[in-house]
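Chemist: Build me a structure from this.
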Amino acid sequence: MGRDGDTLVDQHKDLVYHVINRMIPDPQYHDDLFQETFLNVARSMPTFRRESKLSTWIYRVAQNTCLSHIRRMRGDPAYSLDEWREEDLETQTIPSIADKAEEGERRTTLDHALDRLPLKYRMPVTLYYLEELSYREIAACLAIPMGTVKTNIHRGLMRLRTVLGEDPDAHL
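Modeler: Predicted structure coming up:
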């Protein structure tokens with residue numbers, strides 16, 4: 001990619017890893033998807049129209065790269081996304097109280113709960129609360145109307161509260 005490409009990767013690697021980790025639970029694919037994302041960024045850079053922030057656009061490229069990966073895996077008759085998710089949840093271990101500080105435990109619990117949300121809710125909730133993007137930026141990233149973003153965040157929070165065993169009518 002050259003020097004500019006290295007800087008681009010350094011500036012946006014955390015964002016891209018975050019997208020990949022959220023969308024693809026199996027870590028065996030993460031490095032390949034990371035590289036594929038930045039190759040897609042490099043190939044598509046001439047089409048970047050600067051109508052949004054570069055980070056928003058890169059987020060969208062990372063998300064599309066992950067969605068393409070999911071579609072490829074669904075096309076594999078020996079591979080079932082549902083089995084993959086169940087297998088991933090079964091192999092995850094919950095850290096002991098003695099091993100993790102309370103904040104770490106809350107974060108782990110939240111991460112597991114977020115992983116259980118459907119993608120259409122998980123992505124907007126993650127982008128809004130963890131990545132601190134605006135509704136407008138999320139709409140641009142996900143290529144959906146801003147009203148849909150707001151609705152999906154609201155519904156995602158309701159489901160998240162249910163998953164966490166909280167009253168869905170309580171305020172976060």
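Chemist: going forward, measure contacts between C-alpha atoms and count neighbours the same way
Modeler: Noted.
Chemist: any weak-confidence spans in the chain?
Modeler: 1-5, 74-104, 167-172 (pLDDT under 70).
Chemist: got the domain boundaries for it?
Modeler: 1-92, 95-172 (automatic domain parsing).
Chemist: In this protein, mark out all the helices, start to finish.
Modeler: For the chain, helices defined by DSSP state H occupy the ranges 2-23, 30-44, 54-75, 81-91, 102-115, 119-125, 135-142, 146-163.
Chemist: Same list, these, but as TSV with mean neighbour count please.
Modeler: TSV is the format used below for the helices of the chain (neighbours: other C-alpha atoms under 10 Å):
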stretch	mean neighbour count
helix 2-23	15
helix 30-44	16
helix 54-75	18
helix 81-91	12
helix 102-115	15
helix 119-125	21
helix 135-142	20
helix 146-163	18
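Chemist: List the contacts of Glu36.
Modeler: Residues in contact with Glu36, defined by C-alpha atoms under 8 Å, 6 or more residues apart in numbering, are Thr65.
Chemist: what's the spacing between it and Val19?
Modeler: Distance, Glu36 to Val19, by C-alpha to C-alpha, to the nearest Å: 13 Å.
Chemist: again, but for Met123
Modeler: Applying C-alpha to C-alpha, the value for Met123 to Val19 is 9 Å.
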